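*Asks:* Structure of the sequence below:
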Amino acid sequence: MSDPWDGPGGRATRSRTGRVPGQRGSGPGGMRPSGVPAAAGSRGRTDPRRRPRLTGRGRRVLKIATFCLSVLILATAGAGWWFYQHLNGNINSVSLDGKGGTEKADAFGRTPIDILVMGSDGRTSAVDCKLGGGCSKTGVQTGHGNADVEMVVHVSADRSNATVMSIPRDTMTHVPACKDSVTGQSTSGYYGQINSALQYGPACQVATVHQLTGIPIGHFVELDFSGVVKMSDAVGGVDVCVSDNVYDTYSHLKLSKGTHTLKGVAALEFVRSRHGFGDGSDLGRTVSQHIFLSALIRNFKSAGTLTDPTKVYDLADAATKALTVDDGLGSVRKLIALAADVDKVPTKRMTFTTMQTAPDPANRDHVLVGAGARSLFSAIAGDQSLTTGSGGKSAAASVTAKASATASAVPASQIAVTVENGTTITGRASTIATALTDHGFSSGTTTANAPSAATTTTLTYGTGQKAEAQTAAKALGLPSSQLKQGTGTGLTLVIGSDWPSGDSYPGGTSSAPPADTQAAVSNAHASTADQARTCAKVSPYRTVQINGVPMTPAQAYAAAVAEPDSDA
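*Replies:* Okay, the predicted model is just below:
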């Protein structure tokens, strides 16, 4: 069969350009001239040294495609940049100025994270006035208000565990001298409710909690009323359970017995309710808040929340608009890094606790730091893991305890020391006694003046109490050569003129003893974030009233038939 390119009597003569005389050039892609079929085995043959030439139309199509691709790339990059800048612009940050102390790295150079999470009751916007009420006479307020919620969130240096400790807002303590860098409002210091320190700025609240607990706090996060609403909506609602019908006529929370998904205002009513749960005080409210936060964390970690771009955007936008943070967290990148660190901790290793309290004899509406609280503070400050209310130590806590000290089996919380001042310097015994109680030693630690002046500091212990003395000496950096056994009982530390200042012995190496984790969780309402079926205990007491008639929250629910439920 002859080649279709052959003319009569043989192959057609080609020009140097490869064209057949009298024929139009081949089209794009090596197509043959119109009407000329290709022979078998010759399909697509082109000169490998030659690139196909584009027609004017082809060049226009290629330019348009290139332009569209460039626009798409720029638009995608621009949207990402706009999104990043938009979120950064949402964040309001304030400097802590080092007022919360500094976290110490572990033996591997890893540093724990300590954050004070605060919920402000300030009505500083029309939205917060509507949500919180109380603005009918004052109008929109200025400043920060009080810290309605205070939680110390500790994430361990190895990111294997976390502890959340609530501090009741009615706790009485000493507020240090502070000045708000934003409003200029200042105080020279006073004795009062711990939540009032926020009036002088977030840094003042951090400094107050640090002074009370001894826990170094490197960051803070503050939310207002509208912030809680935005966050609960962004995650699609939070599942909570109540043990009975409940109607808190103060926070307006009204729910039937059982499980509910709370969004928006209903979520705010739940976390603000202090008359609906427990004994009707702030102590009961901290437990219900832990239930809410546990559910929020489980929701955040659940499949789909972090893989859905829409949910991620809504959550990021809501979070950055809702939060005021320290400048150490004041960017999207830093907040993402924090979220990633928290996400590493399994829910079963996240322990929620409430600081142990004792009644304030001066005011029945106030509380003081109670038994066990110092052990809880020390456990957090010492980066020790807590597990459940049973007081059992996790494996991580046991390793930490063994590595950090050759301490006695007797926990510091059960060791009391009599500290005597053998110097001419006023207040030396008090300084050392305070250092010991800050390390978790018994509140039975006392002070006195030594019977005579002492040149050398000594720690005398009774029969069978050498291990206790070693624990105290290690906490103060006191050499073992200055310990001696006496004939009496108990531990007596005489401060000599060789220790004129400070709370660590000169030249010594002090180390806080491991905290008693059983004492740390005793009466602290300890629970872990994986306890999904825990219901908030509705108060059995007459903590609310309708038309001036006192009744229980369950009775109020039955009486308020016309009032819609919060999740209706």
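
*Asks:* ok, what's across the strand from residue 324?
*Replies:* residue 92, residue 222 (DSSP bridges).

*Asks:* Against residue 374, how distant is it?
*Replies:* Relative to residue 374, residue 324 is positioned 30 Å away (Cβ to Cβ, to the nearest Å). C-beta here means a position set from N, CA and C on the backbone, and glycine is covered the same way.

*Asks:* the more surrounded of these two?
*Replies:* residue 374 (27 against 20; other Cβ atoms under 10 Å).

*Asks:* Using the three-state scheme, assign the more buried one.
*Replies:* helix (DSSP: H, G, I helix; E, B strand; the rest coil).

*Asks:* is it true that it touches residue 440?
*Replies:* Yes. Assessed by Cβ atoms under 8 Å, residue 374 is found in contact with residue 440 at 4.9 Å.

*Asks:* anything in contact with each of those two?
*Replies:* Common contacts of residue 374 and residue 440 (Cβ atoms under 8 Å, 6 or more residues apart in numbering): residue 413.

*Asks:* distance between the ends of stretch 158-166?
*Replies:* Its first and final residues considered, stretch 158-166 spans 23 Å by Cα to Cα, to the nearest Å.

*Asks:* Contact partners for residue 429?
*Replies:* Here residue 429 is in contact with 419-421, 447-449, 495 (Cβ under 8 Å, 6+ apart).

*Asks:* how does it look with 6 Å?
*Replies:* Going by Cβ atoms under 6 Å, 6 or more residues apart in numbering, residue 429 touches 419, 421, 447.

*Asks:* May I ask which helix or strand encompasses it?
*Replies:* Using DSSP states H and E, residue 429 falls within helix 428-438.

*Asks:* Put the alpha carbons of that helix into CSV.
*Replies:* Provided in CSV are the C-alpha atoms of helix 428-438 (Å, rounded to 0.1, in the frame of the first residue of the first chain):
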residue,chain,number,x,y,z
ARG,A,428,14.6,35.3,110.4
ALA,A,429,12.6,32.5,111.9
SER,A,430,9.4,33.7,110.2
THR,A,431,11.2,33.8,106.8
ILE,A,432,12.4,30.2,107.1
ALA,A,433,9.1,28.9,108.5
THR,A,434,7.2,30.5,105.5
ALA,A,435,9.7,28.8,103.1
LEU,A,436,8.9,25.5,104.7
THR,A,437,5.2,25.8,104.5
ASP,A,438,5.5,27.0,100.9
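
*Asks:* So what are the sheet partners of whatever helix or strand comes next after it and their directions?
*Replies:* Later in the chain than helix 428-438, the nearest helix or strand by DSSP H and E is strand 446-449. For strand 446-449, sheet partners with direction are given as strand 417-421 (parallel), following DSSP bridges.

*Asks:* chain center to the partner strand: distance?
*Replies:* 39 Å (Cα atoms, centre = their mean, to the nearest Å).

*Asks:* and the angle from it to helix 428-438?
*Replies:* Strand 417-421 runs at 160 degrees relative to helix 428-438, counting by axes from the mean of the first three to the mean of the last three Cα atoms, to 10 degrees.

*Asks:* Could I get the average pLDDT for strand 417-421?
*Replies:* For strand 417-421, mean pLDDT rounds to 96.

*Asks:* so where's this protein shaky on pLDDT?
*Replies:* Scanning the chain for pLDDT under 70 picks out 1-58, 60-61, 63, 67-84, 86, 121-144, 303-312, 387-409, 510-513, 532.
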